[in-house]
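K.L.:
only geometry, no sequence info:
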């Protein structure tokens, strides 16, 4: 496989995570760091011995970059991704795809016009337990899917929100516990149960000050199949727990808890499929989520090499964003939101 040079655009905390992931990939090289804050860009670049830039276009040209990793604040994702595609680069975007459907649609339009490969980070799909559950559903081992429950019960301190001027802002962050943390759990629920058609929700800001957004969100989601899903997203659940997912069908149940397959039962088999392995052993100190994050990078690089769609597409990311926005709209109005109608928030 051809080795590709990747630029990390955005040298904040998540940019540092992406830089570490890229350095661990045999089929990629960290080629540059881009950030409009010179001190932040230079500090991260020095850590890895790569050049830094304040101009993305200059970085792409001078460092001979093949792929842009978009790690800027959420409201800037579309502009950065579109610039990269127009410079001839493929793109990986940190979640969410952006904070409005209009911005997501701009990304998808340029993606189609340019023929570039674009994926959005939803690394939990690459965890062995999640992949196992999806395979079991695809094989019909759970029968007709009837319901699912997903919990993203995290904790973020007040200092977390105070640490960056954009954290907890509606204009830049786009939302709170759901948009920025719970969207991963939501993506898993959508991946398991299919096309959502209706959302009823409530949100609250219960444990934090000086933020515009929610720190608790709860929703009921109806799916096209008739299945019912329930979602909890929180950054106010001390001390914080790993994502928990349970899906139920008329022939079986599967539960992922603490990043492992916690329970599986099927009326159709006593010999469930084997848990998939990751692409390589985890480096010392890496969590299972770190490994899954790296495995999503490997999938995107393989997709580029083989001319196929990545496992997580911009369509998937747009759908998750629409549900997030529908949760906010339902919480604001106190009414269900029909996802068969365009969400414009």
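P.N.:
On my side now, so go ahead. Predicted, not measured: the structure shown is a model, and the values here were computed from it. Residues are numbered from 1 along each chain as shown.

K.L.:
Give the rounded mean pLDDT of stretch 197-214.
P.N.:
Over the span of stretch 197-214, the pLDDT mean works out to 97.

K.L.:
Start and end of that stretch, how far apart?
P.N.:
23 Å (Cα to Cα, to the nearest Å).

K.L.:
quick one: strands adjacent to the host helix or strand of residue 91?
P.N.:
Using DSSP states H and E, the element containing residue 91 is strand 90-93. Its sheet considered, strand 90-93 pairs with strand 67-70 (parallel), strand 118-120 (parallel) by DSSP bridges.

K.L.:
quick one: low-confidence parts of this protein?
P.N.:
278-281, 341-345 (pLDDT under 70).

K.L.:
Where do the domain boundaries of it fall?
P.N.:
Per the record, the chain has its domains at 4-120, 124-271+313-338, by automatic domain parsing.

K.L.:
Need the distance between the two termini of the last one.
P.N.:
Which is domain 124-271+313-338. 27 Å.

K.L.:
how far is that domain from where the chain is centred?
P.N.:
In this view, domain 124-271+313-338 has its centroid 11 Å away from the chain centroid, taken as Cα atoms, centre = their mean, to the nearest Å.

K.L.:
quick one: contacts for the residue positioned nearest the centre of the chain?
P.N.:
What sits nearest the mean C-alpha location of the chain, by Cα atoms, centre = their mean, is residue 122, with 3.3 Å. Residues in contact with residue 122 (Cβ atoms under 8 Å, 6 or more residues apart in numbering) are 95, 184, 187, 296, 312, 316-317, 320. Yep, even glycine has a C-beta here, placed from its N, CA and C like the rest.

K.L.:
Which pair in those has the greatest spatial separation?
P.N.:
296 and 320 (14.6 Å; Cβ to Cβ).

K.L.:
higher neighbour count, these two?
P.N.:
For residue 296 versus residue 320, neighbours defined as other Cβ atoms under 10 Å are more numerous around residue 320 (27 against 23).

K.L.:
picking up where we left off before, after the strand holding residue 91, which helix or strand is next?
P.N.:
helix 101-114.

K.L.:
which residues touch that next one?
P.N.:
With Cβ under 8 Å, 6+ apart, helix 101-114 has contacts from 75, 77-78, 81-82, 85-86, 88, 93, 97-98, 116, 118, 314-315, 317-318, 321-322, 325, 342-345.

K.L.:
Strands of the stretch 1-150 of the chain, start to end?
P.N.:
Assigned by DSSP state E, counting those that start in this stretch, the strands in the stretch 1-150 of the chain fall at 4-9, 28-34, 52-53, 67-70, 90-93, 118-120, 145-153.

K.L.:
Nearest to residue 289, out of the ones you listed?
P.N.:
Closest among these, using Cβ to Cβ: strand 145-153, at 12.2 Å.

K.L.:
partners of that closest one, with directions?
P.N.:
Assessed with DSSP bridges, strand 145-153 is paired to strand 228-234 (parallel), strand 244-249 (antiparallel).

K.L.:
Tell me which residues of the longest one come out buried.
P.N.:
Okay, so that is strand 228-234. Of all the residues in strand 228-234, those buried under the rule 16 or more other Cβ atoms under 10 Å are 228-229, 231-234.

K.L.:
Save those as TSV, and put in distance to residue 60 too.
P.N.:
Putting the buried residues of strand 228-234 into TSV (distance: Cβ to Cβ, whole Å) gives the following:
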residue	distance to residue 60
228	46
229	40
231	38
232	41
233	35
234	39
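
K.L.:
and which of these is nearest residue 63?
P.N.:
residue 233 (37.4 Å).

K.L.:
wait, the closest one sits on residue 181?
P.N.:
Yes - between residue 233 and residue 181 a contact is recorded at 6.4 Å, counting by Cβ atoms under 8 Å.

K.L.:
Overlap in contacts, those two.
P.N.:
Common neighbours of residue 233 and residue 181 (Cβ under 8 Å, 6+ apart) are residue 152.
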